[in-house]
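**Student:** Pasting the sequence and the predicted model now:
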Amino acid sequence: MLPNAHLAIVPAEKVRDYLLCPTHPTGRFKQAVFAALGYEQLHWETLHRDLLALARSGLASEVETTSYGRKYRVGGTLTGPNGRSGRFVSIWIIGPAGAPRLVTAYPA
């Protein structure tokens, strides 16, 4: 399990302006996959909630330790608003404050 998963932070701008943004230089490729599951930029809170749930229930493994903190990989299945599901990987970092913070998410 992800350490301190109950404290996990998913910044709104990470979801709204990156993962679900169709014009972001790199996020638009992820957006296409999330859109296929029914996630929309206008209703970003749904993916926000689902990523928090993934942090709390997914299988975590430590990836590396950096000068910013320890990074973890959490994998699992997300079921989007349209009922379609997909396997995803999320990357989290735990810094000095101890709360995991979402770095990115992408299809497994």
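**Tutor:** Here it is on my side, so go on.
**Student:** you'd agree L59 is up against T77?
**Tutor:** No: with contact defined as CB atoms under 8 Å, L59 does not reach T77; the gap is 11.1 Å. In this view, the C-beta of every residue, glycine as well, is placed from N, C-alpha and C.
**Student:** Those two: which has the busier surroundings?
**Tutor:** Using other CB atoms under 10 Å as the criterion, L59 and T77 rank with T77 on top: 13 against 10.
**Student:** what pairs with that one across the strands?
**Tutor:** Under DSSP bridges, the beta-bridge partners of T77 are R87.
**Student:** measure it to W44 for me?
**Tutor:** Distance from T77 to W44, counting by CB to CB, to the nearest Å: 20 Å.
**Student:** Check the gap between the closest residue to G58 other than its chain neighbours and R70 for me.
**Tutor:** Take G58 and drop its neighbours on the chain: the residue closest to it by CB to CB, 6 or more residues apart in numbering is G76, 3.6 Å away. Counting by CB to CB, the separation of G76 from R70 is 19 Å.
**Student:** swap in S57?
**Tutor:** Per CB to CB, S57 is found 20 Å from R70.
**Student:** Check L2 too.
**Tutor:** According to CB to CB, L2 stands 10 Å off from R70.
**Student:** Of these two, which one has the most company?
**Tutor:** Per other CB under 10 Å, whichever of L2 and R70 has more neighbours is L2, with 23 against 15.
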